[in-house]
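K.L.:
Sequence and predicted structure are below.
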Amino acid sequence: MASLFDVVTSTTINGNCAQYTSKLDQLVTDALKLAKAGVQACDDYQKADPVAERLLDAFFQKPTTADVQSAKSWYEYLEYWLENGGPLTGRTQKPLLFCEDHSQRVTMSTPMRDAQGQINPNPNGKGSYLIKDDPKMVAWQKSIATSLQVAVSDVYPYWDKTQLLYWMDEAKGTALQYQCAQNSLGYTNSQASERGAVTLCPSSFAPGTLGSVAPVPVTLASYKANNNYPPTPNQPINDIMPAAATFFHELLHLFTDMGFVPSVGEEYNAWAIMGTMARANNQPLFTGSDSISNAESYTFVAGAAWYAQNMPYNGQVVEYYTGWATVP
């Protein structure tokens, strides 16, 4: 991991990875396997392999030839970067890696810090220059409120003293907490023009390594006979996803400057991604263009593809295109 990221390990810095250093290299190893499996799945799809067709048609909702080629290109980019590292395109430094929340929520009436972290006097009056005195910050707060469909007063500035930058969002937990306090597995910040950062929340380290969970499939016939729901025991696709899945997902955001977010918002539920169930909070049903633009779609495809390619059950290929482990 140290060849890819500047890993924050100092125990004096909030969000440091000191207690997780022994697990980080395995994340890279497994993420690389996922990327390779994704490339193979796209190649197999283009060769009309039925296993790959079922998988990609489900999670990418019948993608076009161009969609599959684009997906393959992103898997290849992940594979290349995980093997070679280096600053991201247009950046001069390696990205940062945190393993817990590392920002401080402040208010618009807090003195504003500059790119060096310094507080400056207000040129138009007494006292310090406040965040609310900065037109760009005010406009940013309003734009975030609009995108989140909340009141402007519900959006706060967050200051990251390690990256020396702000971002805007709703309040999450205490002033020293952020998305990890809201049961998130991880998040990405790519505002820093010279690097960007990935934060892996402690909960993301709970799953095992890739392949550590044995497949527990049901027959496709029993699945169909039960109104397209597997009899017990069964295995949803989430159960086989390794700890590296969060890392893999966040890399897609990092590489694209927070891309892979559909206009209708990200989706993490496998069946909602496939468009076979309603989304939470009355969000619009996912379409094919949403699925191919969604980071978790790529993560599920890679995980399911790796199992299909490497984890047979009694000599049969295990598939997850229904969202559940099945065999013919």
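P.N.:
Thanks, I have the structure now.
K.L.:
what about residue 224, neighbour count?
P.N.:
A count of neighbours around residue 224, defined by other CB atoms under 10 Å, yields 13. The way it works is simple: take the backbone N, C-alpha and C, and place the C-beta from them, glycine included.
K.L.:
In three-state terms, label residue 107 for me.
P.N.:
Under DSSP: H, G, I helix; E, B strand; the rest coil, residue 107 falls in the coil class.
K.L.:
Distance of it relative to residue 285?
P.N.:
For residue 107, the distance to residue 285 equals 38 Å [CB to CB, to the nearest Å].
K.L.:
likewise residue 306?
P.N.:
Distance of residue 306 to residue 285, given as CB to CB: 28 Å.
K.L.:
Which one's more surrounded, those two?
P.N.:
residue 306 (23 against 12).
K.L.:
which residues touch the more buried one?
P.N.:
33, 34, 37, 210, 211 (CB atoms under 8 Å, 6 or more residues apart in numbering).
K.L.:
just residue 267 next, same as before
P.N.:
Applying CB under 8 Å, 6+ apart, the residues contacting residue 267 are 273, 279, 283, 286, 290, 294, 296.
K.L.:
so what's the fifth one up against?
P.N.:
Residue 290 sits next to 262, 263, 264, 267 when contact means CB under 8 Å, 6+ apart.
K.L.:
Just flag the most distant two among these.
P.N.:
263 and 267 (11.9 Å; CB to CB).
K.L.:
which of the contacts of residue 306 count as buried?
P.N.:
Buried members of these, scored by 16 or more other CB atoms under 10 Å, are 33, 34, 37, 210.
K.L.:
Now do residue 249: how many residues are near it, please.
P.N.:
29.
K.L.:
An error on my part: the question was meant for residue 10.
P.N.:
Per other CB under 10 Å, the neighbour tally for residue 10 reads 9.
K.L.:
what about residue 167, how many neighbours?
P.N.:
Using other CB under 10 Å, residue 167 has 16 neighbouring residues.
K.L.:
Now the helix or strand hosting residue 297: buried residues?
P.N.:
Residue 297 is part of helix 295-310 when elements are defined by DSSP states H and E. Neighbour-count burial for helix 295-310, counted by 16+ other CB under 10 Å, picks out 295-309.
K.L.:
Closest to residue 204 out of those?
P.N.:
Proximity of those to residue 204 (CB to CB) peaks at residue 299, which lies at 12.1 Å.
K.L.:
and the gap between residue 287 and residue 262?
P.N.:
Residue 287 is 9 Å from residue 262, by CB to CB.
K.L.:
which of these two has more neighbours?
P.N.:
residue 262 (18 against 13).
K.L.:
Please name the residues that touch the more buried one.
P.N.:
Counting by CB under 8 Å, 6+ apart, residue 262 touches 286, 289, 290, 293, 294.
K.L.:
mind checking pLDDT for the third one?
P.N.:
With respect to pLDDT, residue 290 has a value of 96.
K.L.:
Let me see the ranges of the helices in the stretch 51-200 of the chain.
P.N.:
65-84, 135-148 (DSSP state H, counting those that start in this stretch).
K.L.:
Run through the neighbouring helices and strands of the last one.
P.N.:
Based on contacts counted as 3 or more CB pairs under 8 Å, 6 or more residues apart in numbering; DSSP states H and E, the elements that helix 135-148 packs against are strand 155-160, strand 165-170.
K.L.:
Show me the domain layout of this protein.
P.N.:
28-90+204-327, 104-177 (automatic domain parsing).
K.L.:
that older thread, of the contacts of residue 290, which belong to strands?
P.N.:
Using DSSP state E, no member of the contacts of residue 290 falls within strands.
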